[in-house]
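Student: quick one, fold the following:
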Amino acid sequence: MIAVRLMAGLGNQMFQYATGLALAHKYNTKLMLDISSYKNMSKEDTPREYGLNIYPLRAGLASKKTMDQIVNAKENLSRLDSLKRLIGLYDSLVIMREKHPGFNEEIFNAGNNTYLIGWWQNEGYFSHIRDEILKSFTPKIEPNAKNLRYIKSIQSSNSIGIHVRRGDYVQNKHANKYHGLTGIEYYKKAISKMSNIVDSPTFVVFSDDIDWCKRELPVGKNSIFVKGNDRQPHEDIRLMSLCEHNIIANSSFSWWGAWLNNNTSKTVIAPKMWVSDQRQNAKIDIIPKNWIRL
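Tutor: Numbers count the residues shown, from 1 in each chain. Prediction:
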């Protein structure tokens, strides 16, 4: 089987699952998700929880009892040894850790007994099974009445989804230092560029700080500000994917909203600076080549 460690928020989990699924698909074997990291988060981390249970995944979860045994393993038994025993491949399990933030072709040389540890933020790992990914990330639950109204508005207009991430990027010192904050100038440029590309656009705004967006974004009177999905973030991803075009933040969350967008003539705009450190930023190749970077 293929095992993959899930870490961080929903967008990151989607990258990790998609990469694991691609490897499991290659070997026609099963995929197992290790979600133990959510019981052992650092105080510096933004609080997260496992969020893929809303999707019809082709994967299994390690039992809570087994993962508790791993987390609470005795000092003379490493967590790695515990995981090897967990999936019954003690002698043959290969641990593949992500070496750098860029695309790593070595993953395609991994065997069918591999445990993936990393972020895997590049479509090159899984774009060849796009149809499978689209099925996996179609929520099992239908949209509620409020979101159905949003969908109707989105599909009846020249809609451009805009995601503005503030929240932990503003409030969490660790997140702010690493990710930085995509400022208003980026959004002004992106909105202007989209307005030149799309006739009579309707901007659909997604954010964890809608009040800031209403004050600062020059999106016009016909814009839609999406509210009420704080506890069901998958709905925002679904809505973003239904827009004709997308303007994303430096966030894996809105990356997925844009990537799942099936409009073959879509325009996607993304920020040049994905993280605040310029040297680190140069190594990251998360943005597909046909997206525009500003």
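Student: where exactly do the helices run in the stretch 151-294 of the chain?
Tutor: 167-171, 173-179, 184-197, 210-216, 233-242, 252-259, 278-283 (DSSP state H, counting those that start in this stretch).
Student: show me the contacts for the nearest residue to P233 once chain neighbours are set aside.
Tutor: Distance criterion C-beta to C-beta, 6 or more residues apart in numbering; nearest residue to P233, sequence neighbours excluded, is L10 at 5.4 Å. For every residue, glycine as well, the C-beta is placed using N, CA and C. By C-beta atoms under 8 Å, 6 or more residues apart in numbering, the contact set of L10 is 51-52, 233-234, 237, 253, 256.
Student: most neighbours out of these, which is it?
Tutor: I237 (28 neighbours; other C-beta atoms under 10 Å).
Student: how close does the residue lying closest to it once chain neighbours are set aside sit to S192?
Tutor: Once flanking residues are discounted, I237 sits nearest to G257: 4.9 Å by C-beta to C-beta, 6+ apart. Using C-beta to C-beta, to the nearest Å, G257 is found at 21 Å from S192.
Student: then F253?
Tutor: 24 Å.
Student: same thing with G183?
Tutor: For G183, the distance to S192 - C-beta to C-beta - is 15 Å.
Student: and if you look at E132?
Tutor: 37 Å.
Student: between the two, who's got more neighbours?
Tutor: Taking other C-beta under 10 Å, E132 and S192 do not tie; E132 has more neighbours (16 against 12).
Student: and that one, what's its pLDDT?
Tutor: The per-residue pLDDT reported for E132 equals 95.
Student: so what's it up against?
Tutor: So E132 contacts 21, 25, 58 (C-beta under 8 Å, 6+ apart).
Student: again, 7 Å this time
Tutor: 21, 25 (C-beta atoms under 7 Å, 6 or more residues apart in numbering).
Student: what helix or strand is it on?
Tutor: Per DSSP states H and E, E132 falls inside helix 130-136.
Student: quick one, which of the contacts of L10 has the minimum pLDDT?
Tutor: G51 (90).
Student: I figured it hits Q13, correct?
Tutor: Yes. Between G51 and Q13 there is a contact under C-beta atoms under 7 Å: 6.0 Å.
Student: mind listing the shared neighbours of those two?
Tutor: If you check G51 and Q13 against C-beta under 7 Å, 6+ apart, no residue is contacted by both.
Student: in this structure, which helix has the most residues?
Tutor: helix 10-27 (DSSP state H).
Student: got the CA positions of that one in PDB?
Tutor: What follows is helix 10-27, C-alpha atoms only, in PDB (Å, rounded to 0.1, in the frame of the first residue of the first chain):
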ATOM      1  CA  LEU A  10      -7.600  21.600   4.100                       C
ATOM      2  CA  GLY A  11      -5.700  22.800   1.000                       C
ATOM      3  CA  ASN A  12      -2.500  21.100   2.200                       C
ATOM      4  CA  GLN A  13      -4.400  17.900   3.000                       C
ATOM      5  CA  MET A  14      -5.700  17.900  -0.600                       C
ATOM      6  CA  PHE A  15      -2.200  18.200  -2.000                       C
ATOM      7  CA  GLN A  16      -1.000  15.300   0.200                       C
ATOM      8  CA  TYR A  17      -4.000  13.100  -0.600                       C
ATOM      9  CA  ALA A  18      -3.800  13.800  -4.400                       C
ATOM     10  CA  THR A  19      -0.100  12.900  -4.500                       C
ATOM     11  CA  GLY A  20      -0.700   9.700  -2.500                       C
ATOM     12  CA  LEU A  21      -3.600   8.800  -4.700                       C
ATOM     13  CA  ALA A  22      -1.500   9.200  -7.900                       C
ATOM     14  CA  LEU A  23       1.100   6.800  -6.500                       C
ATOM     15  CA  ALA A  24      -1.600   4.300  -5.300                       C
ATOM     16  CA  HIS A  25      -3.200   4.600  -8.800                       C
ATOM     17  CA  LYS A  26       0.200   3.800 -10.400                       C
ATOM     18  CA  TYR A  27       0.500   0.600  -8.500                       C
END
